[in-house]
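Undergrad: One predicted model, sequence on top.
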Amino acid sequence: MDTGFIIEKFILVAVIFGISLVIAMYSTYAERKVAAYLQDRLGPDRAGPFGILQPLADGVKMFMKEEIIPSTSNKWLFIVGPGLALLCACIGTAVIPWGSPMEIGGKIVPLQVADINVGVLYIFGVVSLGVYGVMIGGWASNNKYSLLSAIRAASQNISYEIAMGLSIIALLLMTNTLSLKEIVDQQHGWRWNVLYQPLGFLIFMVCSFAETNRAPFDLPECETELIGGYHTEYSSMKLGFYLFAEYINMFVSSAVMATLYFGGYNYPGMDYMATLLGPTWAPLFGVGVFFVKIVFFIFFFMWVRWTIPRFRYDQLMNLGWKGLIPLAIANIIITGIVIAIIEKF
Amino acid sequence: MSTQVFYFVATLSIIFSLMVIFAKNPIHSVLYLILTFFTFTVHYVLLNAQFLAVVNFIVYMGAIMVLFLFVLMLLNLNKETEPVKSPLIKIVGVIAGCCLVVTLVGSFKAASINSPLILKNPGLGLVENLGKELFGPFLLPFELSSLLLLAAMVGAVLLSKRDEVEA
């Protein structure tokens, strides 16, 4: 392992980390603007032109507020909770291929931090770990509403993880690999997986809404029943961490959806663009295309939030266990049969 | 390098497993158990068993321990409600513990691990090789264990259903 390799990876990690934080920051702004547009309002427009500095103002506010740790809470776990939530949200980006290998000064640099051969499962593991931040924080607050919210989050995550895993299995039957890089390369040009796995994509998308605790599955934050949910007792930047973690989770799941089903950095006519732009700029253009897809999915998350009302708890469980899981199993069986028939002839 | 990492992580595993036992609060016990499982994941990575590492991560840390935590949070675990254990149980526990120590010492002596274990096939833990092994030579035990899991699952559903009918 030479120093050049370490420096290269370090820069890549720093850039990705910075980008995810900036996107999370501006997601809060975009969320309010989208909400305003859908409800025929103006949205934030005071700080800077079009309110573009609003996230900065919010950040300053978060840092300046008084930090309150409830005296009856478990102090250590109260602090660990939000930290864990943010950590789990951030490490998901490590295996996502952001672009095809790029040539910088005669050196080929892969635009992916780690191409591990179980990339899909890694994402899955990180997602399943994300619930600990909510659970620990909710329990440590020593508040019954927080605890109820933590329990809701846990049961919701476990239920929807199953359907999510099953929908990925159908995809893996087709791709024959667990490496995200290979999955993306198989979708060269127009051969996006969503065209072969529309049902799988639908199930995966619904589950990622549930896993990120976004509306219509935001029962852990159901303010009419639970005050604020698991972060009722939190203030200042610890609350900021929880809110930030939600937006980073949204960014990561958008990136995963774009990678698995919408071709990642592939786009129609990419071979022509590669000859036109050369080995340095063509991959960068691919990264741009990837981010356009991600931004679309983030917008979709917000669009759904301001369109569909929240589920009731029994509806949520019914949809997960009696709707999505049988559907996902049927999808696996159909995919398996079709692949067997294709291989036969 | 790898040996030092192993000893470091192994020490951590032992410390965390001891903390599981010694922690007064059951929730803290579960959290230490999660950390213990995390160190196991690192062990699997060191053994080049990436698939096993990630599965351990997802299944044990991500699902089973969440359920443990879930159940413990619902229980009202106060000092007053905890039943006082009779001295008989304590004596039985001590005897059982001593038996375990004797067995462990005996097995270590029989195994006499002087040379470090060298994997015959370092790539065995990768997904492809593991799948070929499981669906080749080990197909029957693999399918049998899946049947066993299914039976357990159906049993659990049946047990909860029966309560509902009676009530």
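TA: All right, it came through fine. Numbers count the residues shown, from 1 in each chain, chains lettered A, B, ... in the order given.
Undergrad: OK, contacts around residue 102?
TA: Since you didn't name a chain, this refers to chain A. Residues in contact with A:Met102 (CB atoms under 8 Å, 6 or more residues apart in numbering or on different chains) are A:108-111, A:279-280, A:283-284. C-beta coordinates here come from the backbone N, C-alpha and C atoms, glycine included.
Undergrad: Which of the three states applies to it?
TA: With DSSP: H, G, I helix; E, B strand; the rest coil as the basis, the three-state label of A:Met102 is strand.
Undergrad: now the contacts of A:Met102: which count as buried?
TA: Neighbour-count burial (16 or more other CB atoms under 10 Å in any protein chain shown) applied to those gives A:109-111, A:283.
Undergrad: Tell me the one of the residues you listed nearest A:Ile16?
TA: Of all the buried ones among the contacts of A:Met102, A:Leu111 has the smallest distance to A:Ile16: 9.3 Å, by CB to CB.
Undergrad: Grab the nearest non-local neighbour of the closest one.
TA: Closest residue to A:Leu111 apart from its sequence neighbours, by CB to CB, 6 or more residues apart in numbering or on different chains: A:Gly99 at 3.9 Å.
Undergrad: could you redo the contacts of A:Met102 as TSV and give each row pLDDT and distance to A:Tyr267?
TA: Formatted as TSV, the contacts of A:Met102 follow (pLDDT from 0 to 100; distance: CB to CB, whole Å):
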residue	pLDDT	distance to A:Tyr267
A:Ile108	75	21
A:Val109	75	21
A:Pro110	76	19
A:Leu111	75	15
A:Pro279	73	17
A:Thr280	74	18
A:Pro283	79	12
A:Leu284	81	13
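Undergrad: what's the burial count for residue 33?
TA: In the absence of a named chain, chain A is used. 21 (other CB atoms under 10 Å in any protein chain shown).
Undergrad: actually chain B
TA: 22.
Undergrad: gap between it and chain A?
TA: Here the distance between B:Leu33 and chain A works out to 12 Å (CB to the nearest CB, to the nearest Å).
Undergrad: Next up, the contacts around that residue.
TA: By CB under 8 Å, 6+ apart, the residues touching B:Leu33 are B:16-17, B:20, B:65, B:68.
Undergrad: Name the helix or strand for it, please.
TA: helix B:26-46 (DSSP states H and E).
Undergrad: Show me which residues of that helix are buried.
TA: So, applying 16+ other CB under 10 Å, buried residues of helix B:26-46: B:26-45.
Undergrad: Out of the buried ones among the contacts of A:Met102, list just those in helices.
TA: Secondary structure defined by DSSP state H assigns A:Pro283 of the buried ones among the contacts of A:Met102 to helices.
Undergrad: Switch the buried ones among the contacts of A:Met102 over to JSON lines; also include distance to A:Ile308.
TA: Below are the buried ones among the contacts of A:Met102 laid out as JSON lines (distance: CB to CB, whole Å):
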{"residue": "A:Val109", "distance to A:Ile308": "42"}
{"residue": "A:Pro110", "distance to A:Ile308": "39"}
{"residue": "A:Leu111", "distance to A:Ile308": "35"}
{"residue": "A:Pro283", "distance to A:Ile308": "37"}
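Undergrad: out of the buried ones among the contacts of A:Met102, who's nearest chain B?
TA: Lowest distance from chain B to the buried ones among the contacts of A:Met102 (CB to the nearest CB) belongs to A:Pro110, with 18.6 Å.
Undergrad: tally of neighbours for A:Ile7?
TA: 10.
Undergrad: what about it, which helix or strand?
TA: helix A:3-38.
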